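> Return a 3D structure for these sequence lines:
(chains A and B)
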Amino acid sequence: MRKSLFVSMGAVIGVGAVLLSYYGNPANTGLCISCFLENISGALGLHQNVRMQYLRPEIPAIVLGSFAWALWQRRFVVTGGGSPVLRFLVGIFMVIGCSVFIGCPVKMVLRIAAGDFGALAGLAGLTAGIYVGLEFIENGFQLGKPQRVPPASGYVLPGVMVLLLVFAVARPAFIAFSATGGGAQYAPFLLSLAVGLLIGAWAQHTQFCITGGIARIFLWGPREIMSCPRSTGLLISLGSFLLFATVTSMLTGQFNLALHGQPSSNESYGWNFLGLALTGFGSVLVKGCPLRQLVIAGEGDTDGAVTVFGMLMGAALVQNWSLAGNSSGTPPAAQMATVAGLLVLLVIGLMNRRRGYGIAPEFQTGLD
Amino acid sequence: MSQRLSQLHTGDGLDRWAGFAIVVLGFALCYLITALDTTAMPGRQAYLPAAAAQAASPEYAAKVMTAEQLLKAGNLDKLKPLLDEMVAGYPYQAEPFMLMADYHLRRQEPVAAMHAFRQALDLNMNYLEKKTPLYQGKKIRNTTREAEALINVALAANPGNAQMRKSREELYYMLRKLAGGCGD
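Numbering: from 1, shown residues only, chains lettered A, B, ... in the order given. This next block holds a predicted model:
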């Protein structure tokens, strides 16, 4: 795959996400998988925070973009069976970790690109979590090799996403829409849809993944670079994302280099670190960041779809149990959930190790 | 399962390291559960019935009207005791805090006004919502900027000024609120 493709992936998501924020999405939140899942869960009535209810079209669009591109490229292969229940649980904790940081790894990059120094604590945490996760992967962690499953399963999540888009357009009475707060801030529907479709399709093509890109730093070595062009490619996409998002933030007047007073931030740097450490750790165990889970779910990976449903449930729990960070800091329940999440992931890691073995086959396919 | 447990028993370095981390996290979790007062977070929903009852009271409406008239007339000496009474008597209402902020603005006290705005915003974020008739974002933003300038000058003169350092923390909180973002 040509390097320019990886650069273009960074450009699509960097420019697209910052423009979404410029045209109406909340500040520094042009694209955030966890925030948007919280909005969607609220719109579906899974929580009652009236300021966080909106059927964000970006999430369905990413899944459908990936789905359409995979079909067109004949890469739509329906697989499953790789410990779906564990993935569901990890999906819940991934979103809890994101919410403690007030944003997923994509939003972390967007916050850094907008000049938010405080988000670097999240980057450090995400990197630490990825490192811990890779220790397990390199020492025999396994979820079970995915098998081909009946094709109908692969159409479930794209079908659900089509339904969500229909609801977003038709606005039936049972779907809630915020009148105030973050849920009431949104970019024009068609723009959100177009950017989401583009990101989904291109992320499917380049296999873009924030945690995957950072993981390559730890897996990097001369031999890997020689034999594994995608290793550098994921890092190129990540660097390109940061660069394009920074430039677009500057051009649209959204860049503010400062530690204090940033949108969607607080000064609980320690908990921000641990929050994204939880997300990074979980992402490595389920082979991809929250964005990547949406993309692989679109290309027929039913395990990814189960993780997405877990993330949606996690998003509802975050709002119902006050597990999200806010301007004043990290609530007590969020602190407990973060520590409990790290503990649970460590137990999952220990219980699913095959000692004396290296990287399991299902993870090797992601490293080719 | 028994095979897994026996493997754990004869574990390698990663097992030992992870086991140690699990123990530490377990203690940390127990500490958080016992030390943090989770009962102190019922959420705004719990206050809403009381707040709605207060807002519907004719006595409350009369006091708000009196306070607004005193403010318009510039009768600050009479206004202050009334506002103190309202703040104590109607703790779930944002309006008395907004009036208190206006009182401090009239007295050229932006730091105190910012403090009152913060209390009002914690009760009702709609004062920062352009889509609502309550919107007073420009006034809150300007007051926060004035408070920032005063706090910076005071801290430059005396970096150990504990009151101003506390006000600076509040200032950062207000700046984050004004910056917006999702969730708040």
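> So in chain B, which helix runs the longest?
Determined from DSSP state H, the single longest helix within chain B is helix B:13-35.
> And A:Lys145, how close does it get to chain B?
As judged by CB to the nearest CB, to the nearest Å, A:Lys145 and chain B stand 18 Å apart. C-beta: built from backbone N, CA, C; applies to glycine.
> pLDDT on the longest helix of chain B, on average?
Summarised as a single mean, pLDDT over helix B:13-35 is 93.
> What residues sit buried inside it?
Buried positions in helix B:13-35, judged by neighbour count with 16 or more other CB atoms under 10 Å in any protein chain shown: B:Leu14, B:Asp15, B:Ala18, B:Ala21, B:Ile22, B:Leu25, B:Ala28, B:Leu29, B:Leu32.
> what sits against B:Ile140?
Applying CB atoms under 8 Å, 6 or more residues apart in numbering or on different chains to B:Ile140 gives the contacts B:Phe117, B:Leu121, B:Tyr127, B:Leu128, B:Met174, B:Leu178.
> er, A:Thr330 I mean
A:Thr330 touches A:Val100, A:Asn266, A:Ser268, A:Trp271, A:Asn272, A:Gly275, A:Thr338, counting by CB under 8 Å, 6+ apart.
> now do A:Leu238
Residues counted as contacts of A:Leu238 (CB under 8 Å, 6+ apart) are A:Gly10, A:Val109, A:Ile210, A:Gly213, A:Ile214.
> Over to A:Leu276?
With CB under 8 Å, 6+ apart, A:Leu276 has these contacts: A:Gly97, A:Cys98, A:Phe101, A:Pro105, A:Met108, A:Gly122, A:Leu123, A:Gly125, A:Leu126, A:Gly129.
> For the residue most central in space within chain B, give its distance to chain A.
Closest to where the C-alpha atoms of chain B average out (CA atoms, centre = their mean) is B:Asp122, at 4.4 Å. Using CB to the nearest CB, B:Asp122 is found at 8 Å from chain A.
> Over to B:Arg16?
As for B:Arg16, its distance to chain A is 11 Å (criterion: CB to the nearest CB).
> Can you report how many residues lie near residue 72?
Since you didn't name a chain, this refers to chain A. 11 (other CB atoms under 10 Å in any protein chain shown).
> ah, no, chain B please
Counted with other CB under 10 Å, residues neighbouring B:Lys72 total 8.
> and it, what element?
Per DSSP states H and E: B:Lys72 is located in helix B:58-73.
> what's that helix packed up against?
Contacting helix B:58-73 under the criterion 3 or more CB pairs under 8 Å, 6 or more residues apart in numbering or on different chains; DSSP states H and E are the following elements: helix B:76-89, helix B:95-106.
> quick check: mean pLDDT across that helix?
92.
> which outside residues touch stretch B:147-166?
With contacts defined as CB under 8 Å, 6+ apart, stretch B:147-166 is touched by B:Pro110, B:Val111, B:Ala113, B:Met114, B:Ser167, B:Arg168, B:Leu171, B:Met174, B:Leu175.
> hmm, back to that, nearest to chain B, out of the contacts of A:Thr330: which one, please.
For these, the minimum distance to chain B (CB to the nearest CB) is 6.8 Å, reached by A:Asn266.
> count of neighbours near residue 78?
No chain was given, so I picked chain A. Using other CB under 10 Å, A:Val78 has 20 neighbouring residues.
> To clarify, I was referring to chain B.
By other CB under 10 Å, the burial measure for B:Lys78, its neighbour count, is 12.
> residue ranges with poor pLDDT in the chain?
Unless you meant another one, I'm taking chain A. In the predicted model, chain A carries pLDDT under 70 at residues A:1, A:220-231, A:364-368.
> could you do chain B instead?
Counting by pLDDT under 70, chain B contains low-confidence ranges at B:1-11, B:37-53, B:55, B:183-184.
> can you list the domains in it?
Following automatic domain parsing, one finds the domains of chain B at B:2-39, B:47-179.
> Which one, of those, ends up nearest to A:Gly24?
Ranking the domains of chain B by proximity to A:Gly24 (CB to CB) places domain B:47-179 first, at 12.1 Å.
> excluding its backbone neighbours, what's nearest A:Leu134?
With CB to CB, 6 or more residues apart in numbering or on different chains as the criterion, A:Leu134 has its nearest non-adjacent residue at 5.4 Å, and that residue is A:Phe218.
> Output whatever helix or strand B:Thr143 lives in in CSV, but only the C-alpha positions, please.
In this assignment (DSSP H and E), B:Thr143 forms part of helix B:137-157. Below are the C-alpha coordinates for helix B:137-157, written out as CSV (Å, rounded to 0.1, in the frame of the first residue of the first chain):
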residue,chain,number,x,y,z
GLY,B,137,-22.9,34.2,28.2
LYS,B,138,-21.3,37.5,27.1
LYS,B,139,-21.7,39.0,30.6
ILE,B,140,-20.3,35.9,32.2
ARG,B,141,-17.4,35.8,29.8
ASN,B,142,-16.5,39.4,30.2
THR,B,143,-16.7,39.1,34.0
THR,B,144,-14.4,36.1,34.0
ARG,B,145,-11.9,38.0,31.8
GLU,B,146,-12.0,40.9,34.2
ALA,B,147,-11.5,38.5,37.2
GLU,B,148,-8.6,36.9,35.4
ALA,B,149,-6.8,40.2,35.0
LEU,B,150,-7.3,41.0,38.7
ILE,B,151,-6.3,37.6,39.9
ASN,B,152,-3.1,37.7,37.7
VAL,B,153,-2.2,41.1,39.1
ALA,B,154,-2.8,40.1,42.7
LEU,B,155,-0.8,36.9,42.3
ALA,B,156,2.0,38.7,40.6
ALA,B,157,2.2,41.0,43.6
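> what's the angle from that helix to helix B:95-106?
When axes from the mean of the first three to the mean of the last three CA atoms, to 10 degrees is applied, the directions of helix B:137-157 and helix B:95-106 differ by 60 degrees.
> quick one: contacts for A:Gly154?
Per CB under 8 Å, 6+ apart, neighbours of A:Gly154: A:Phe76, A:Val77, A:Val78, A:Gly300, A:Asp301, A:Thr302, A:Ala305.
> same thing with B:Lys131?
A:Ala179, A:Thr180, A:Ala184.
> Could I get the contacting residues of the closest residue to the last one other than its chain neighbours?
With CB to CB, 6+ apart as the criterion, A:Ala184 has its nearest non-adjacent residue at 4.5 Å, and that residue is A:Ser178. For A:Ser178, the contacting residues are A:Asn39, A:Gly42, A:Val50, A:Arg51, A:Met52, A:Gln53, A:Tyr54, A:Ala184, by CB under 8 Å, 6+ apart.
> Could you report the neighbour count for A:Phe174?
8.
> Equivalent analysis for A:Pro105, please.
A:Pro105 has 32 neighbouring residues, counting by other CB under 10 Å.
> what about it, distance to chain B?
Note on A:Pro105: its distance to chain B, by CB to the nearest CB, is 15 Å.
> thinking that residue is in contact with A:Thr211, fair?
Yes. If you go by CB atoms under 8 Å, A:Pro105 and A:Thr211 touch, sitting 6.3 Å apart.
> what residues are shared contacts of these two?
Contacts common to A:Pro105 and A:Thr211, judged by CB under 8 Å, 6+ apart, are A:Leu126, A:Thr279, A:Gly280, A:Ser283, A:Cys289.
> ok, and which of the residues you listed reach chain B?
Checked against chain B using CB under 8 Å from any CB of the partner chain, those give no members in range.
> Turn the residues you listed into a markdown table, columns for secondary structure and distance to A:Ser240.
Listed next are the shared contacts of A:Pro105 and A:Thr211 as a markdown table, based on DSSP: H, G, I helix; E, B strand; the rest coil; distance: CB to CB, whole Å:
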| residue | secondary structure | distance to A:Ser240 |
| --- | --- | --- |
| A:Leu126 | helix | 18 |
| A:Thr279 | helix | 22 |
| A:Gly280 | helix | 21 |
| A:Ser283 | helix | 20 |
| A:Cys289 | coil | 16 |
